[in-house]
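J.: Can you look at this prediction? I've put the sequence above it.
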Amino acid sequence: MGQNMVQKVISSHLVSGRMNAGEEIAIKIDQTLTQDATGTMAYLQFEAMGIPRVKTELSVSYVDHNTLQTGFENADDHRFLQTIASKHGIFFSKPGNGICHQIHLERFGVPGKILLGSDSHTPTGGGIGMIAIGAGGLDVAVAMGGGPFYLNMPRVVLVRLTGRLRPWVSAKDIILELLRRLTVKGGVGKIFEYGGDGVGTLTVPERATITNMGAELGATTSVFPSDAMTRTFMSAQGRAKQWKRLGADVDAAYDETIDIDLSKLVPLVAQPHSPDNVVEIKSIEGLKVNQVAIGSCTNSSYKDMTTVAKILKGRKVHPETSLAISPGSKQVLNMIARSGALSDMLTAGVRVLETACGPCIGMGQAPASAAVTIRTYNRNFEGRSGTPDAKVYLLSPEAAAFSAIKGVITDPRKIGKPLRVAMPKRFVIDDSMIIPPSRHPEKVEVVRGPNIQPLPRKEPLGDQIAGTVILKVGDNITTDHIMPAGAKILPLRSNIPAIAEHVFERVDPEFAKRAKENNGGFIVGGSNYGQGSSREHAALAPMYLGIRAVITKSFARIHYANLVNFGILPLVFADEADYGQITEGDNITIKDIRAQIRSGAAIKASTASGKGLVLKHSLTPRQVEIILAGGLLNYTVQNNA
Ligand code: MIC
Ligand code: SF4
């Protein structure tokens, strides 16, 4: 029998394991990317491994998250990142050059290669036929050092697209439709491989919108075949030589199949506060909109921006609505400047922001109290915009632009005659903001400002763990709940003692204080705990506060791996009903923990009231050794010694 595309790429990179769904495999990583908010830690970790030069084919360090520079912290981070990149063989993309995923697609992505990135939206690269996976910074550091990446072989789901999108229905509606059907948990342990006749109707940036937001399904990644459309995109980027055709064999088998008839889709919107809370735009038409934001790694391509400009041309943004746009990259901004599209936007009354993540992660443009803000982004978690009671809706650039004119949410099908936005024959290519590594690394001094604090390390696991339940939370807790971002907290990413003060701040402002008073303890959660970002700070900062184990009904993939990497035990209830038996303030003791997790069987714990509690783990034998060593860094250093 033939192979699907995922099997082809993984088998050609397989270091160990067998490609049976659920079994642990190790794969060779060709390329890595980091962004500044996760990158500083990743490079400190890489440095701690003592490897002089990266061993990947290509590693790129982007600066796109912390670009506000309201104090010295972000600029210190940028300088550190630039110098350490230069010293260790890493390309450095300067602040202002754009969002990591957009630039990687434009300038570096290669079909059939495997990319590991310290950002959960790394799967954007699937739009150009890469297997692109998001991971914690430490996993990326190990990959830069030449180590393989470990994961459980996902189930492969064929998403069969047929037909063609109708006017004013866009790629965003395809992924919103999947979120509507499958929810934010629906993709856990799966890779979505797109196929069918409908694929050929979608350009690379449209495909990238879909693979980008596949992260919101909880999927390991999503991927499109590399076809004529991919070749057209790559040659317009001056990279035709790097193109190769790649797709599934005709007789390939899949673990599951989902059918989507593109011609039946309608404009959709995700309502607050979850990307899967999807309804038809039509059903909420007329809702007053205070703010509109167009951009982010999901929808900031040349095609998106040009479409928006064409809708705005000759019209004005509504007097009571603010419209902010952030083009995804310098290339995009430059091209809309040259074509005149930028001028059309300005004339319409747009606020133009830097080519960076910006409002998507609460870096500026926080909406007014209780405001309605509609965005082309990928996440609308509560408080993420920087305003705790703001209501964030997610939709297509077309719908966002038209609603900005109307001042109320409006179905984009009312815009009128369909638009045609052709892809450029040749993009404007100027890589001058991508700085190659030094040819004389011995001469490069790595500059660290006071914001770069040393990495906290953890001791190997003791024989027993005991402590208090510091916090109990419900289902679908995001990493934005655990370790908030935003303009005030993000600049502390390189300073764990300082950022640890903010853990769970929006859920319970006393969390950090209580954890310190109790010398750490346990967190109890519901299902899909830790969905969202790849930020390892959501594990590293709780580790610093002494959290020993997190006990839940289930975990999201990247956060689970991050907990293991930092030596925090991720455990689940053997009987989910026990979740109801535990309350905040309970004391839990797990004796003989080393032997218990090694034996692989159920783990016996006890509460102060004397009640027994049965827990389970799904650690692989390698992950057990990592936990015993006190985390991946200790484990890697031990094994390299
Ligand atoms: C996000 O979209 O949540 C982020 C900010 O890009 C994160 C990374 C981070 O927290 O630094 C992600 O998606 O991984
Ligand atoms: Fe940046 Fe937002 Fe994309 Fe995260 S989701 S990489 S914050 S643009």
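T.: All right, it came through fine. Ligands and ions are numbered 1, 2, ... in the order given.

J.: what's around the residue nearest to Glu501 when sequence neighbours are not counted, how many residues?
T.: In this structure, Glu501 finds its nearest non-sequential neighbour in Ala512, 5.1 Å apart by Cβ to Cβ, 6 or more residues apart in numbering. Backbone N, C-alpha and C define where each C-beta goes, glycine included. Residues near Ala512, counting by other Cβ atoms under 10 Å, number 21.

J.: Please apply the same query to Lys472.
T.: Neighbour tally, Lys472, other Cβ under 10 Å: 18.

J.: close enough to count as contact, it and Ile582?
T.: Yes - in this structure, Lys472 is within contact of Ile582 by Cβ atoms under 8 Å, at 6.6 Å.

J.: Between the two, which contacts overlap?
T.: Shared contacts of Lys472 and Ile582 (Cβ atoms under 8 Å, 6 or more residues apart in numbering): Val524.

J.: Quick check: pLDDT value at the residue nearest to Glu501.
T.: Ala512 carries a pLDDT score of 98 in this model.

J.: does it count as helix, strand or coil?
T.: Of the three states, Ala512 takes helix under DSSP: H, G, I helix; E, B strand; the rest coil.

J.: Identify the residues contacting the most centrally placed residue in the chain.
T.: The C-alpha lying nearest the average C-alpha coordinate of the chain belongs to Ser120 (Cα atoms, centre = their mean; 1.8 Å). Contact partners of Ser120, counting by Cβ under 8 Å, 6+ apart, are 134, 215, 532-534, 558.

J.: now, which of the residues you listed lie within strands?
T.: Counting by DSSP state E, the part of these found in strands is Gly134.

J.: ok now the host helix or strand of Thr306, how far from the chain's centre?
T.: In this structure, Thr306 is located in helix 302-312 according to DSSP states H and E. Distance of helix 302-312 from the chain centroid (Cα atoms, centre = their mean, to the nearest Å) equals 25 Å.

J.: near ligand 2 at all, that helix?
T.: No - contact of helix 302-312 with ligand 2 (Cβ under 6 Å from any ligand atom) is absent, the minimum separation being 13.1 Å.

J.: Name the residues that touch that helix?
T.: With Cβ under 8 Å, 6+ apart, helix 302-312 has contacts from 203, 205-206, 294, 325, 327, 331-332, 335-336, 339, 341-342, 344-345, 348, 350, 376, 397-398, 400-402, 404-405, 415, 419, 421, 423-424, 427.

J.: And those, which of them are buried?
T.: 203, 205-206, 294, 325, 327, 331-332, 335-336, 341-342, 344-345, 348, 350, 376, 397-398, 400-402, 404-405, 415, 421, 423, 427 (16 or more other Cβ atoms under 10 Å).

J.: What segments of the stretch 101-250 of the chain are helices?
T.: Ranges of helices in the stretch 101-250 of the chain, per DSSP state H, counting those that start in this stretch, are 137-144, 171-182, 204-213, 228-236.

J.: Neighbours of Arg18, how many?
T.: Neighbours around Arg18, by other Cβ under 10 Å: 9.

J.: Sorry, slip of the keys, the one I care about is Ala595.
T.: 9.

J.: mind checking pLDDT for it?
T.: Model confidence at Ala595 (pLDDT) stands at 96.

J.: Backbone dihedrals for it, please?
T.: phi -70, psi -40 (degrees, to the nearest 10).

J.: try Lys282
T.: Torsion angles, degrees, to the nearest 10, at Lys282: phi -50, psi -40.

J.: My read is that it contacts Val266, right?
T.: Yes - with contacts counted by Cβ under 8 Å, Lys282 reaches Val266, the gap being 7.1 Å.

J.: Near ligand 1, which residues of this structure? Just list them.
T.: So the chain meets ligand 1 at 37-38, 65, 119-121, 361, 485, 532-535 (Cβ under 6 Å from any ligand atom).

J.: Out of these, which comes closest to Val637?
T.: Nearest to Val637 among those is Thr38, at 20.6 Å by Cβ to Cβ.

J.: quick check: angle from whichever strand or helix holds that closest one to helix 137-144?
T.: Per DSSP H and E, Thr38 falls inside helix 36-48. Orientation check (axes from the mean of the first three to the mean of the last three Cα atoms, to 10 degrees): helix 36-48 against helix 137-144 gives 50 degrees.

J.: Which elements pack onto helix 36-48?
T.: strand 58-62, helix 72-88, helix 137-144, helix 632-640 (3 or more Cβ pairs under 8 Å, 6 or more residues apart in numbering; DSSP states H and E).

J.: 10 Å instead?
T.: Packing partners of helix 36-48 (3 or more Cβ pairs under 10 Å, 6 or more residues apart in numbering; DSSP states H and E): strand 31-35, strand 58-62, helix 72-88, helix 137-144, helix 537-544, helix 632-640.

J.: Which stretches in the stretch 301-450 of the chain count as helices?
T.: Going by DSSP H, counting those that start in this stretch, the stretch 301-450 of the chain shows helices at 302-312, 330-339, 341-348, 397-406.

J.: could the ones you listed be laid out in JSON lines, adding distance to Ile551 and mean pLDDT?
T.: Listed next are the helices of the stretch 301-450 of the chain as JSON lines, based on distance: least, Cβ to Cβ, whole Å; pLDDT from 0 to 100:
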{"stretch": "helix 302-312", "distance to Ile551": "42", "mean pLDDT": "98"}
{"stretch": "helix 330-339", "distance to Ile551": "45", "mean pLDDT": "98"}
{"stretch": "helix 341-348", "distance to Ile551": "50", "mean pLDDT": "98"}
{"stretch": "helix 397-406", "distance to Ile551": "41", "mean pLDDT": "98"}
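
J.: picking that back up, who touches both of Lys282 and Val266?
T.: Common contacts of Lys282 and Val266 (Cβ atoms under 10 Å, 6 or more residues apart in numbering): 411, 413.

J.: rewinding a little: what would the helices of the stretch 101-250 of the chain look like in a markdown table with mean pLDDT?
T.: Formatted as a markdown table, the helices of the stretch 101-250 of the chain follow (pLDDT from 0 to 100):
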| stretch | mean pLDDT |
| --- | --- |
| helix 137-144 | 97 |
| helix 171-182 | 98 |
| helix 204-213 | 98 |
| helix 228-236 | 98 |
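
J.: Identify the residue nearest the closest residue to ligand 2 within the stretch 401-550 of the chain in space, chain neighbours excluded?
T.: Proximity of the stretch 401-550 of the chain to ligand 2 (Cβ to the nearest ligand atom) peaks at Ser533, 7.1 Å away. Nearest non-adjacent residue to Ser533, counting by Cβ to Cβ, 6+ apart: Thr479, 4.2 Å away.

J.: burial of Lys316, as a residue count?
T.: 11.

J.: need the residues of the stretch 351-500 of the chain near ligand 2, please.
T.: 357, 360-361, 378.

J.: Could I get the full set of strands for the stretch 351-500 of the chain?
T.: 351-352, 372-375, 391-394, 434-435, 465-472 (DSSP state E, counting those that start in this stretch).

J.: State the paired neighbours of the last one in the sheet, together with their directions.
T.: This means strand 465-472. The pairing partners recorded for strand 465-472 under DSSP bridges are strand 521-524 (parallel), strand 587-590 (antiparallel).
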